[in-house]
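Novice: I would like the atomic coordinates for the input below:
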Amino acid sequence: MDKVKRFFSSNIREISLIIVIVVIAMFVELRSGGRFLTSMNINDMLMETSVLAIMAVGMMMVIITGGIDLSIGATMALSAMVGGTFLKSSVLSGNPLPNLLIVVIAIAVGIVCGLINGALVSKLKILPIIATLGMMNIYRGATYLVANGSWIKQAEMGPGFLTLATGKFMGINNLLIIAVVVYIIAYFFAGYTKTGRKIYAVGNSEESARVSGIKTDRVLVLAYTIMGAIAGLGGILYVCKYGVAQGETCTGYEMNVIAACVLGGVSITGGTGKVPGVLLGAILLGMLNNAMPLIQVSSFWQEAIRGGIILFSIIANALIQRNVEIKALRRRNI
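Specialist: Numbering: from 1, shown residues only. Down below sits the predicted model:
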């Protein structure tokens with residue numbers, strides 16, 4: 001019985017999210033006349049949510065350190081545009097580059113962007129929100145320069161490249177497989193490696209982590225670099241899915257990613273957050289995006305409802321965290 005109580009108390013956020021997802025799914029299914037929980041709609045919903053979920057697990061690493069990255073939408077766009085430009089040139093020359101090489105190029109661009117962000121935050125001690133806001137504009141401007149005022153269209157990418165996102169392996173969409181692999185790696189990295197524990201330690205107290213011997217600057221750079229690498233991957237997958245790369249790609253996408261993390265129980269103040277919670281948060285946000293048009297909610301109300309749910313989630317997380325701290329203090333007094 002004690003083990004059950006400890007399990008529920010330590011996973012209260014995730015259990016609450018599962019209950020919310022089930023309740024909303026049942027409500028939407030009834031309101032939509034049975035159109036929501038069909039296999040086709042669920043598959044479409046998971047496809048739409050895959051890139052968001054992948055990005056959210058990267059953002060989690062940054063937020064846990066007490067930081068934030070507002071440049072990820074621009075990083076996604078720049079990575080995709082650079083990779084797409086290489087692909088377009090090779091396709092037009094009649095010798096298309098291998099798909100894996102294009103993905104590696106996009107991830108490499110993302111890593112460079114992440115390294116720059118991490119250096120600004122850790123070495124120059126610029127506030128993360130200021131550093132990444134400035135770099136967001138620089139990366140977006142670089143995307144326009146690379147694009148040179150033109151789009152990279154589906155026909156210029158070649159059908160083989162688009163199968164990275166639209167193809168299937170053993171009947172399962174490639175995007176879902178990639179998302180699952182990313183989450184498995186992130187789960188073990190965050191929970192079962194020394195580096196993962198160091199990221200949490202820095203988020204809880206950077207000064208305490210430094211005193212205990214953790215090289216906090218390296219941890220911060222690593223967290224932003226991981227975010228950059230995932231943004232590069234997410235950007236190229238986004239372009240594969242929608243079949244077009246342009247300067248405006250993923251504009252404002254960072255807000256959705258941050259929202260998924262907050263819904264998943266990641267504390268904006270740092271030090272708290274779990275990979276399963278982030279996954280559930282991304283699923284909940286993706287479900288809302290899919291469900292509201294299905295039950296004909298006005299587009300004006302859709303944003304308000306999303307904002308209300310996110311605000312409620314922040315309040316709930318704060319109350320849960322306060323309750324945990326109060327219980328910890330009581331145990332110390334005892």
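Novice: lowest average confidence, helix or strand, in the chain?
Specialist: helix 2-10 (a mean of 64; mean pLDDT, DSSP states H and E).
Novice: for the spatially most central residue of the chain, helix, strand, or coil?
Specialist: The C-alpha lying nearest the average C-alpha coordinate of the chain belongs to Ala56 (C-alpha atoms, centre = their mean; 1.7 Å). Secondary structure, DSSP: H, G, I helix; E, B strand; the rest coil: Ala56 is helix.
Novice: and if you look at Leu97?
Specialist: Classified using three-state DSSP, Leu97 is coil.
Novice: how far away is it from Asn174?
Specialist: 18 Å (C-beta to C-beta, to the nearest Å). (Glycine included, C-beta is placed from N, CA and C.)
Novice: phi first, then psi, for Lys215.
Specialist: phi -80, psi 90 (degrees, to the nearest 10).
Novice: from Val221, how far off is it?
Specialist: Counting by C-beta to C-beta, the gap from Lys215 to Val221 is 10 Å.
Novice: which of those two has more residues huddled nearby?
Specialist: Between Lys215 and Val221, counted using other C-beta atoms under 10 Å, the more crowded position is Val221 (21 against 14).
Novice: for the more buried one, which non-adjacent residue is closest in space?
Specialist: Gly118 (3.5 Å; C-beta to C-beta, 6 or more residues apart in numbering).
Novice: convert the C-alpha atoms of the host helix or strand of that neighbour to CSV, please.
Specialist: Per DSSP states H and E: Gly118 is located in helix 99-122. The C-alpha coordinates for helix 99-122 follow below in CSV (Å, rounded to 0.1, in the frame of the first residue of the first chain):
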residue,chain,number,x,y,z
ASN,A,99,18.4,11.8,-47.1
LEU,A,100,20.6,11.0,-44.1
LEU,A,101,23.1,13.6,-45.2
ILE,A,102,20.5,16.3,-45.4
VAL,A,103,19.2,15.4,-41.9
VAL,A,104,22.8,15.6,-40.6
ILE,A,105,23.3,19.0,-42.2
ALA,A,106,20.1,20.3,-40.6
ILE,A,107,21.1,18.9,-37.2
ALA,A,108,24.6,20.4,-37.6
VAL,A,109,23.1,23.9,-38.2
GLY,A,110,20.9,23.4,-35.2
ILE,A,111,23.9,22.4,-33.0
VAL,A,112,25.8,25.6,-34.1
CYS,A,113,22.7,27.7,-33.2
GLY,A,114,22.4,25.9,-29.8
LEU,A,115,26.1,26.4,-29.1
ILE,A,116,25.8,30.1,-29.7
ASN,A,117,22.8,30.4,-27.4
GLY,A,118,24.5,28.4,-24.7
ALA,A,119,27.7,30.5,-24.9
LEU,A,120,25.7,33.7,-24.6
VAL,A,121,23.8,32.4,-21.5
SER,A,122,26.7,30.6,-19.7
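Novice: for it, which positions count as buried?
Specialist: Neighbour-count burial for helix 99-122, with 16 or more other C-beta atoms under 10 Å as criterion, is recorded at 99, 102-103, 105-122.
Novice: show me what it packs onto, helices and strands only.
Specialist: helix 72-92, helix 128-147, helix 159-166, helix 216-242 (3 or more C-beta pairs under 8 Å, 6 or more residues apart in numbering; DSSP states H and E).
Novice: and with 6 Å instead?
Specialist: In this structure, helix 99-122 packs against helix 72-92, helix 128-147, helix 216-242, with contacts taken as 3 or more C-beta pairs under 6 Å, 6 or more residues apart in numbering; DSSP states H and E.
Novice: centre of the chain to the longest one, how far?
Specialist: Same thing as helix 216-242. Offset of helix 216-242 from its chain centre (C-alpha atoms, centre = their mean, to the nearest Å): 9 Å.
Novice: same deal with stretch 102-118?
Specialist: That offset, for stretch 102-118, works out to 16 Å (C-alpha atoms, centre = their mean).
Novice: over to stretch 314-323?
Specialist: 22 Å.
Novice: same check on stretch 83-98?
Specialist: 28 Å.
Novice: how about the CA coordinates for it, as CSV?
Specialist: Output of stretch 83-98 as CSV, limited to C-alpha atoms (Å, rounded to 0.1, in the frame of the first residue of the first chain):
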residue,chain,number,x,y,z
GLY,A,83,19.3,21.5,-45.6
GLY,A,84,16.6,22.2,-48.2
THR,A,85,18.9,24.4,-50.2
PHE,A,86,21.6,21.7,-50.4
LEU,A,87,18.9,19.2,-51.4
LYS,A,88,17.4,21.4,-54.1
SER,A,89,20.8,22.1,-55.7
SER,A,90,21.6,18.4,-55.8
VAL,A,91,18.2,17.4,-57.2
LEU,A,92,18.4,20.1,-59.9
SER,A,93,21.9,18.8,-60.8
GLY,A,94,20.5,15.3,-61.2
ASN,A,95,22.5,13.8,-58.3
PRO,A,96,20.3,14.0,-55.2
LEU,A,97,22.2,13.9,-51.9
PRO,A,98,21.3,11.0,-49.5
